[in-house]
Each structure stands twice: as structure tokens, then as C-alpha cells.
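> One predicted model, sequence on top.
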Amino acid sequence: MALQAALRLVYPPQCLTCDALVTSDFGLCAACWRDTPFVAGTVCDRCGAPLPGADDGSGAICDDCLRIARPWRQGRAAMLYDGNGRRLVLALKHGDRLDLARPAAAWLARAGRPVLRPGMLIAPVPMHWRRLLQRRFNQAAVLSAALARLTGLDHCPDLLVRVRATPSQDGRDRDGRFRNVAAAIRAHPRRAGRMEGRHVLLVDDVFTSGATFAAAAEACLAAGAAEVSVLALARVAKGA
């Protein structure tokens with residue numbers, strides 16, 4: 001404790017996104033917290049998109065999720081992929097800021113409170129091995145591992161595999177995104193038994209159209225999962 005106190009005097013905790021001093025490690029200063037678009041209030045029960053009106057607990061569904069068949073039960077996102085939310089995601093994804101996983105897990109757990117269930121199996125959306133060699137880590141797996149540690153839920157980082165190297169989803173419309181990842185994800189042949197009859201929670205860094213989550217959820221259901229839910233660190237706002 002004395003050593004910890006001494007270290008804090010020499011290296012006081014700083015905000016995750018700026019140089020401002022904060023009261024605890026892995027925190028945001030008041031200004032950065034205010035500028036981070038955390039999702040709150042009424043949201044779509046399937047995709048986590050913010051919705052107008054008060055939350056009456058009835059499980060509101062957005063127009064997109066009424067039109068598109070989602071193969072998962074529930075979905076949530078911790079923040080919008082905009083402003084400071086986008087900066088945090090990109091820092092984790094491309095800036096090697098693995099220290100962000102710890103606070104991100106807390107944000108995911110808070111946003112995912114209506115989704116989390118005892119006995120759930122947490123798994124990341126997989127990355128193709130060639131992209132994994134280039135990036136050196138799968139940010140979705142970093143997030144899912146941190147969330148599993150925080151919640152005490154079972155975790156399987158290689159539950160799914162991406163069997164086809166799909167081009168980037170950037171610049172594609174919604175239909176193009178779904179075509180791009182169709183049949184690209186399957187259950188790991190030696191891990192499929194772990195999800196049989198269980199509720200699987202899929203974790204990813206960004207939810208855009210839901211195409212990648214859909215491909216991963218369908219792979220889980222095909223392998224015998226009873227249900228699937230999804231949880232993303234950030235969600236692209238509709239119309240963005």
C-alpha cells in the first residue's frame with residue numbers, strides 16, 4: 001500500500017484520453033466523460049440503437065430491426081461511434097492502447113446489464129488469421145476477455161473462426177456488408193461442443209449494420225447454441 005501511494009505521488013493517474021489528472025487509474029476526466037457519447041435511456045432491444053421516449057421496460061424495437069431478421073435475441077452498445085467514442089475505439093484498435101480494455105469492460109458490463117445472464121458463454125467476433133498476423137491482436141477478443149474477467153462468466157476466445165478473408169466493410173452499403181461476410185464465420189470444430197445448449201454472448205468493438213454479428217450468430221446457432229446475444233463497445237449512429 002505504501003509503495004502504491006508513493007507511485008501515485010510520482011505518477012499520478014491521468015485521463016485515458018488527455019493529460020488531465022484523475023482520481024483513479026483507468027478513468028476519464030470530467031470533460032472527456034462529458035464528451036464521450038455513452039448510450040443511455042431508451043434503446044432498441046435488438047441492436048442497442050438509441051430511441052426517443054422514456055424506457056418503459058417493454059423491449060422497444062427500432063425500425064431497422066423490424067425490417068431485418070436478427071438471428072440474435074438481444075443487443076446493446078456502450079457508446080456511439082462518434083467523437084470521443086470513435087477516438088477510444090481507434091486507440092484500442094490501431095493505437096495498441098490495450099490499457100483501454102479494463103475501463104471498456106466496465107462500460108460494456110454497464111450497457112449489457114439487461115443482456116447478461118448467469119451461465120452465458122462469452123466469445124469474440126473472430127478475425128481472419130492473416131489480418132490477425134498484421135494487427136497482432138483481435139480487439140474483440142481483448143474486450144471479451146476483459147468482460148469475462150469482470151463478470152466471472154465463461155470465455156472462449158476461439159469459439160468461432162473466420163474461414164474466409166473478407167475485404168473491409170468500409171464503404172459498403174448494408175446489403176453489400178451482409179454479402180461480404182456471408183458464410184465467412186464458422187464454429188471452431190474443437191470448440192463447438194462448448195456452446196451446445198448455451199446462451200452465447202458475442203462481443204465486438206463496433207456495430208454498424210449488424211452483418212458481422214449476424215454471420216457469427218448464425219454460426220453459433222448452427223453449432224447448437226440455444227440463444228445468442230450481442231454486445232459492442234460502440235455503435236454507429238443511424239444515418240451516419
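Right, received. Where do you want to start?
> How is this protein divided into domains?
Using automatic domain parsing, the domains assigned to the chain come out as 1-35, 42-235.
> residue ranges of the helices in this structure, please?
2-10, 30-35, 63-67, 84-94, 101-111, 129-135, 139-151, 174-181, 211-222 (DSSP state H).
> picking that back up, could the domains of the chain go into CSV alongside mean neighbour count and mean pLDDT?
All C-beta atoms are positioned from the backbone trio N, CA, C, and that covers glycine. Formatted as CSV, the domains of the chain follow (neighbours: other C-beta atoms under 10 Å; pLDDT from 0 to 100):
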stretch, mean neighbour count, mean pLDDT
domain 1-35, 12, 73
domain 42-235, 19, 92
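> What separation do you get for the residue lying closest to residue 177 once chain neighbours are set aside and residue 173?
Of all residues not flanking residue 177 in the chain, residue 211 sits nearest, at 4.0 Å (C-beta to C-beta, 6 or more residues apart in numbering). Between residue 211 and residue 173 the distance is 11 Å, computed by C-beta to C-beta, to the nearest Å.
> roughly how far apart are the closest residue to residue 142 other than its chain neighbours and residue 52?
Spatially, and ignoring its direct neighbours in sequence, residue 142 is nearest to residue 101 (4.9 Å; C-beta to C-beta, 6+ apart). Separation of residue 101 from residue 52 (C-beta to C-beta): 32 Å.
> Next one: residue 33 from residue 93, what distance?
21 Å.
> again with residue 154
On the measure of C-beta to C-beta, residue 154 and residue 93 end up 25 Å apart.
> And for residue 197?
33 Å.
> go on, residue 157?
Look at residue 157 and residue 93: by C-beta to C-beta, they are 17 Å apart.
> swap in residue 25?
In this view, residue 25 and residue 93 are 22 Å apart by C-beta to C-beta.
> can you check residue 117 too?
From residue 117 to residue 93 the distance is 28 Å (C-beta to C-beta).
> next one: residue 99
In terms of C-beta to C-beta, residue 99 sits 14 Å off from residue 93.
> do residue 218 as well
Taking C-beta to C-beta, one finds residue 218 at 24 Å from residue 93.
> Run through the residues that contact residue 169.
Residue 169 is in contact with 177, 180-181, 208-209, 211-212, counting by C-beta atoms under 8 Å, 6 or more residues apart in numbering.
> and which of the residues you listed is nearest residue 40?
The shortest approach to residue 40 among the contacts of residue 169 belongs to residue 208, at 20.5 Å (C-beta to C-beta).
> how about the nearest residue to the closest one, chain neighbours excluded?
residue 236 (4.5 Å).
> Tell me which residues touch that neighbour, please.
Counting by C-beta under 8 Å, 6+ apart, residue 236 touches 80-81, 206-208.
> I'd like those residues laid out as a markdown table, including distance to residue 193.
Formatted as a markdown table, the contacts of residue 236 follow (distance: C-beta to C-beta, whole Å):
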| residue | distance to residue 193 |
| --- | --- |
| 80 | 37 |
| 81 | 35 |
| 206 | 30 |
| 207 | 28 |
| 208 | 31 |
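> In strands only, show me those.
80, 206-207 (DSSP state E).
> The nearest residue to residue 184 once chain neighbours are set aside and residue 182: what is the separation?
Among residues not flanking residue 184 along the chain, residue 164 sits closest, at 4.3 Å (C-beta to C-beta, 6+ apart). As judged by C-beta to C-beta, residue 164 and residue 182 stand 9 Å apart.
> what does residue 102 give?
35 Å.
> Same check on residue 144?
Residue 144 is 23 Å from residue 182, by C-beta to C-beta.
> what does residue 31 give?
On the measure of C-beta to C-beta, residue 31 and residue 182 end up 43 Å apart.
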